[in-house]
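1. quick one, what's the 3D model for this:
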Amino acid sequence: VNDIMSTEVIATSPLTDIRRIAKGMLDHHIGAMPIVNDDGVIVGIITRSDILYAIIHQPELKLWA
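-> So this is what the prediction gives:
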């Protein structure tokens, strides 16, 4: 596993805008991103599916404004 795993972890905070998270996922070719608090403790994870769900079910995101 050490031969194929990456030691750099791309993470986000709970208050990061969903568009910025999506861009980070796209730029780094990743399908999920851990959500960490100010102490660096993982408090959740967001996936591409979560973002798609939000776009479909939360039209008030105003993604194209």
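2. pull the number of nearby residues for M33.
-> 23 (other C-beta atoms under 10 Å). The C-beta positions use only the backbone N, C-alpha and C, and glycine is treated the same way.
3. that one touches G24, doesn't it?
-> Yes: contact between M33 and G24 holds when scored by C-beta atoms under 8 Å: they sit 6.6 Å apart.
4. shared neighbours of the two, which are they?
-> I10, T12 (C-beta atoms under 8 Å, 6 or more residues apart in numbering).
5. gap between the two ends of stretch 10-22?
-> One end of stretch 10-22 to the other measures 12 Å (C-alpha to C-alpha, to the nearest Å).
6. who touches that stretch?
-> So stretch 10-22 is contacted by 24, 28, 30, 33-38, 42-44, 46, 51, 54, 61, 63 (C-beta under 8 Å, 6+ apart).
7. mind doing that once more with 10 Å?
-> 23-25, 27-28, 30, 32-38, 40, 42-46, 48, 50-52, 54-55, 58, 61, 63 (C-beta atoms under 10 Å, 6 or more residues apart in numbering).
8. cool, and stretch 38-51?
-> Residues outside stretch 38-51 that contact it (C-beta under 10 Å, 6+ apart) are 9, 11-14, 16, 18-19, 21-22, 25-26, 30-37, 53-54, 61.
9. okay, and which of the residues you listed map to helices?
-> Counting by DSSP state H, the part of those found in helices is I18, R19, I21, A22, M25, L26, Y53, A54.
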